[in-house]
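> below is the sequence, then the predicted model.
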Amino acid sequence: MFHHLSRAAIALCAVVALSACTTAGGGAGTDAVQSLSASRSDAQLVDDLRAALPDATVTDVTPPVNAQTDEPSSPQSRSPQSRSLDVRVETAAGAALVSLSLHRVHSPISDRYSQCPDSAYYPYSECTVETLHDGVALVRDESPATAEDPAGGRRWTALLSHSDGRLISASAVNAPRGDETVPLEPVPLEPVLGLEQLSAIVELTAWNYDLHNLVDATSEPAPAAADFEPIAFDSINDTLEALLPDRLTVADAGGSDGFGHVSVDDGLGASLVTVSAQRWSAGDAAVVALFEESERLLDGGYLSITQEPSQNGGNGAVEWSVDSLTPDGLRVFVSAVNARAYTLDAARSEPALSLDELRAIASDPSWRALAAQ
């Protein structure tokens, strides 16, 4: 589903919702690429970094990686909406891999760029969002370098978003290049570059020249409208919590439009419960095709039940799910995992909700009432 991304782009993905992360490119034309290659060189970008880090040594510049070949790409082949590079920074406290990324995206900018990582996928994230001025937001996050391994390398990320579509991301990883699951030895008790230093880097005015030389994404055709209308995640979570059995305690609500989730516990261990709710056109061929082998309900709707290892889970994690579609196009997908979040190992033998309970939640008329609002 996702293209191979450079480390800098991955750092950006760690801050925004995963579904928002794609490689920019295409449709901008040769002039746009020439405009990008005519901006300052990677060496000049590194000089700006050195000026911002007077007590550090910056070495080993790595250009972005070509998504098709996994080889360093030339300036002429890079996306006209982004620039990125990796450097090694050494200080008296130790060394870190630092990734810098400059992006232009469609404006007005989506709210997802000023949100913390979703706790369903990044359970160990420690994140804050600060609104600065004139539509500028600063997201600062500390997470494991790999989401499922809190004891491995650490990643600190600062992301500055402007309302006109400019994004600047800087991240530092205290892990050797090529193996982010193993921290640098010795592991610094504090990051080599902390969130304050990374925040100062993304706020450098020097980046404005390069950002304005990147093609404004508004010059491209706007993204095609979705065939479905998502429902606000806070409304999804309110409805879900009202339908949960009384024996469960609820915590860690989160999500994004169309997708909500909570962590529940019945005294036997935490369990992630998720709901996706979307309004589709009645009889939409694409969504109906997904239910070809599903149970046909008396009212003309569809329902399917799945029990399988969690595709996003850790050791022993399983996911039970119920997917339903009403005749008028409301699709409700409810799932439960035997861990408090994706990527984590199982915390219990089974999810906290039975298949019958998941079916009752997915089929409850409350979802139709919500969709009608």
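Everything's here; your move.

> now do the same for residue 294: its pLDDT.
Model confidence at residue 294, expressed as pLDDT, equals 91.

> what about it, distance to residue 333?
For residue 294, the distance to residue 333 (C-beta to C-beta, to the nearest Å) stands at 12 Å. C-betas here are computed from N, CA, C, even on glycine.

> now do the shared contacts for those two.
Contact with both residue 294 and residue 333 is made by residues residue 323, according to C-beta atoms under 8 Å, 6 or more residues apart in numbering.

> and these two? Which one has more around it.
Neighbours around residue 294 and residue 333, counted as other C-beta atoms under 10 Å, are more numerous at residue 333. The numbers are 19 against 16.

> Provide the partner residues of the more buried one in its beta bridges.
On the basis of DSSP bridges, residue 333 takes part in beta bridges with residue 276, residue 323.

> wait, isn't it in contact with residue 361?
No: assessed by C-beta atoms under 8 Å, residue 333 is found out of contact with residue 361, at 10.6 Å.

> who touches both of the two?
Residues touching both residue 333 and residue 361 comprise 275, 322, with contact defined as C-beta under 8 Å, 6+ apart.

> quick one: the helices in the stretch 101-250 of the chain, in order.
195-202, 207-213, 233-243 (DSSP state H, counting those that start in this stretch).

> okay, the ones you listed in TSV with mean neighbour count and mean pLDDT next?
TSV is the format used below for the helices of the stretch 101-250 of the chain (neighbours: other C-beta atoms under 10 Å; pLDDT from 0 to 100):
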stretch	mean neighbour count	mean pLDDT
helix 195-202	20	90
helix 207-213	16	74
helix 233-243	18	95
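
> closest one to residue 264 among those?
helix 233-243 (9.2 Å; C-beta to C-beta).

> and the contacts of that closest one?
Residues outside helix 233-243 that contact it (C-beta under 8 Å, 6+ apart) are 250, 253-262, 273, 275, 277, 334, 360-361, 364, 366-367, 370, 373.

> apply 6 Å and report the result again.
Counting by C-beta atoms under 6 Å, 6 or more residues apart in numbering, the neighbours of helix 233-243 from elsewhere in the structure are 250, 253, 255, 256, 257, 260, 275, 277, 361, 364, 366, 370.

> test my guess that the third one contacts residue 263.
What that stands for is residue 255. No: here residue 255 does not reach residue 263: they are 12.0 Å apart, not a contact under C-beta atoms under 6 Å.

> can you pull out the strands in the stretch 101-250 of the chain?
Under the criterion DSSP state E, counting those that start in this stretch, strands of the stretch 101-250 of the chain are mapped to 126-131, 137-144, 154-161, 166-173, 228-230, 249-256.

> for the second one, which strands pair with it and how are they oriented?
Pointing back at strand 137-144 there. Strand 137-144 has the following strand partners under DSSP bridges: strand 126-131 (antiparallel), strand 154-161 (antiparallel).

> please identify the most buried of the ones you listed.
strand 154-161 (a mean of 26; mean count of other C-beta atoms under 10 Å).

> what's in contact with that strand?
Residues lying outside strand 154-161 but in contact with it, judged by C-beta under 6 Å, 6+ apart, are 11, 14-15, 113-114, 137-143, 145, 167-174, 191, 195, 198-199, 202.

> of all the strands of the stretch 101-250 of the chain, which lies closest to residue 307?
Residue 307 sits nearest to strand 249-256 of all the strands of the stretch 101-250 of the chain, at 23.1 Å, using C-beta to C-beta.

> tell me the mean pLDDT over the closest one?
Looking at strand 249-256 alone, the average pLDDT works out to 91.

> ok now the following helix or strand past it, how far from the chain's centre?
The first helix or strand that comes after strand 249-256 along the chain, using DSSP states H and E, is strand 259-265. Between the centre of strand 259-265 and the centre of its chain there are 17 Å (C-alpha atoms, centre = their mean, to the nearest Å).

> each with direction, which strands does strand 259-265 pair with?
Strand pairing for strand 259-265, determined by DSSP bridges: strand 249-256 (antiparallel), strand 270-280 (antiparallel).

> most tightly packed of those?
With neighbours defined by mean count of other C-beta under 10 Å, none of the strands paired with strand 259-265 is more surrounded on average than strand 270-280, at a mean of 23.

> hmm, who's touching that one?
Residues outside strand 270-280 that contact it (C-beta under 6 Å, 6+ apart) are 228-231, 236, 240, 258-264, 287, 329-338, 340-341, 347, 351-352, 371.

> now, of these, which are buried?
Taking 16 or more other C-beta atoms under 10 Å as the criterion, what is buried in those is 228, 231, 236, 240, 258-264, 287, 329-338, 340-341, 347, 351-352, 371.

> okay if I get the strands paired with strand 259-265 as JSON lines plus distance to residue 158?
As requested, the strands paired with strand 259-265 are arranged in JSON lines below (distance: least, C-beta to C-beta, whole Å):
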{"stretch": "strand 249-256", "distance to residue 158": "21"}
{"stretch": "strand 270-280", "distance to residue 158": "28"}
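
> ok, which of those strands comes nearest residue 54?
In this view, the strands paired with strand 259-265 are compared for proximity to residue 54 by C-beta to C-beta, and strand 249-256 is the closest at 39.2 Å.

> CA atoms only for that closest one - export them in PDB, please.
C-alpha atoms of strand 249-256 as PDB (Å, rounded to 0.1, in the frame of the first residue of the first chain):
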ATOM      1  CA  THR A 249     -13.400  -0.200  31.500                       C
ATOM      2  CA  VAL A 250     -12.400   2.200  28.700                       C
ATOM      3  CA  ALA A 251      -9.300   4.200  28.000                       C
ATOM      4  CA  ASP A 252      -7.000   5.600  25.300                       C
ATOM      5  CA  ALA A 253      -9.700   6.800  22.900                       C
ATOM      6  CA  GLY A 254      -8.300   8.100  19.500                       C
ATOM      7  CA  GLY A 255      -8.600   7.900  15.800                       C
ATOM      8  CA  SER A 256      -9.200  10.000  12.700                       C
END
